[in-house]
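*Asks:* structure here, sequence nowhere to be found:
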């Protein structure tokens with residue numbers, strides 16, 4: 001079973017990270033991660049207005065609305081017909097021409113202390129020359145979420161075997177105090193070797209070294225991944241929905 005809200009609240013904060021003192025169950029900037037990322041560390045990627053913040057679609061298909069009830073016409077200047085996007089958190093008020101395709105319920109998990117483990121693999125910081133193979137691998141395993149310019153959102157790390165990129169993990173949404181770990185992917189044929197565990201641990205520790213609190217989102221039915229994250233010290237903070245929407249021609 002994943003860690004509970006009570007387990008998270010009982011975590012001892014990292015004494016070397018003053019931001020951990022802000023690690024509360026609710027309310028929190030994590031309640032609205034896309035919107036808060038786009039008004040904080042990722043504001044250079046933002047389009048939208050005061051009510052709605054969206055990542056530029058070539059960077060990420062995520063967005064968020066203010067916690068108050070939103071006007072239903074806020075999407076029109078920023079969403080093209082046929083363009084899918086996700087609103088994270090509170091379900092928005094929608095006009096008739098914005099269609100809800102599905103709700104993806106995730107666990108939002110937070111790590112409160114660095115990971116202590118032995119690293120046996122060489123972990124490489126992926127640079128611009130690696131972005132093509134990074135895009136190929138992630139869309140092979142998790143198609144539809146990773147865009148051509150998603151690597152600009154943070155650092156991505158990989159493990160190579162015989163010159164082939166076989167596993168990755170990196171950073172996606174970023175606030176001043178929090179960094180989302182994402183794109184935890186292993187190439188088919190290379191699973192079960194502990195690559196994902198080491199990559200996530202490396203990314204977690206890198207963020208603590210930068211005085212950031214790492215968190216992630218995982219689909220609530222992905223029991224294997226939840227078990228791995230639990231072993232690494234993550235605890236479930238809350239359930240949070242990713243609302244997949246698409247604008248139809250008016």
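*Replies:* Nice, thanks for sending it over. Small disclaimer: the values here were computed from a predicted structure and weren't measured.
*Asks:* by mean pLDDT, point me to the weakest helix or strand of the chain.
*Replies:* Least confident helix or strand, the chain: helix 5-9 with a mean of 46, by mean pLDDT, DSSP states H and E.
*Asks:* so in terms of bridging, what pairs with residue 157?
*Replies:* residue 125, residue 169 (DSSP bridges).
*Asks:* got the contact list for it?
*Replies:* Residue 157 makes contact with 123, 124, 125, 126, 168, 169, 170, 199, 202, 203, according to Cβ atoms under 8 Å, 6 or more residues apart in numbering. Quick note: C-beta positions are derived from backbone N, CA and C, even for glycine.
*Asks:* ok, now which ones touch the second one?
*Replies:* What it means is residue 124. Contacts of residue 124 (Cβ under 8 Å, 6+ apart): 130, 157, 158, 159, 160.
*Asks:* mind running it again at 10 Å?
*Replies:* 130, 156, 157, 158, 159, 160, 165, 168 (Cβ atoms under 10 Å, 6 or more residues apart in numbering).
*Asks:* widest-spaced pair of these?
*Replies:* 156 and 160 (13.0 Å; Cβ to Cβ).
*Asks:* where does the chain have low pLDDT?
*Replies:* Where the chain drops to pLDDT under 70, the residues are 1-27, 250.
*Asks:* quick one: the strands in it?
*Replies:* 46-48, 52-55, 62-65, 84-88, 98-111, 124-125, 156-161, 164-174, 178-186, 213-219, 234-247 (DSSP state E).
*Asks:* would you turn these into CSV with distance to residue 207?
*Replies:* Shown next, in CSV, are those (distance: least, Cβ to Cβ, whole Å):
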stretch, distance to residue 207
strand 46-48, 22
strand 52-55, 20
strand 62-65, 19
strand 84-88, 20
strand 98-111, 9
strand 124-125, 14
strand 156-161, 12
strand 164-174, 8
strand 178-186, 5
strand 213-219, 4
strand 234-247, 13
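*Asks:* residue 33 is nearest to which of the ones you listed?
*Replies:* Using Cβ to Cβ, the strands of the chain put strand 164-174 closest to residue 33, at 5.2 Å.
*Asks:* chain center to the closest one, what's the gap?
*Replies:* Offset of strand 164-174 from its chain centre (Cα atoms, centre = their mean, to the nearest Å): 11 Å.
*Asks:* top of the contacts of residue 124 by number of neighbours, please.
*Replies:* Taking other Cβ atoms under 10 Å as the neighbour criterion, residue 168 ranks highest of the contacts of residue 124 with 29 neighbours.
*Asks:* so that one touches residue 126, yeah?
*Replies:* Yes: proximity of residue 168 to residue 126 meets the contact threshold set by Cβ atoms under 10 Å, at 7.1 Å.
*Asks:* need the overlap of contacts for these two.
*Replies:* Joint contacts of residue 168 and residue 126 (Cβ under 10 Å, 6+ apart) are 133, 134, 156, 157, 158.
*Asks:* and the third one, how close does it get to residue 167?
*Replies:* Distance of residue 156 to residue 167, given as Cβ to Cβ, to the nearest Å: 11 Å.
*Asks:* go on, the second one?
*Replies:* Spatial separation of residue 134 from residue 167 under the definition Cβ to Cβ is 11 Å.
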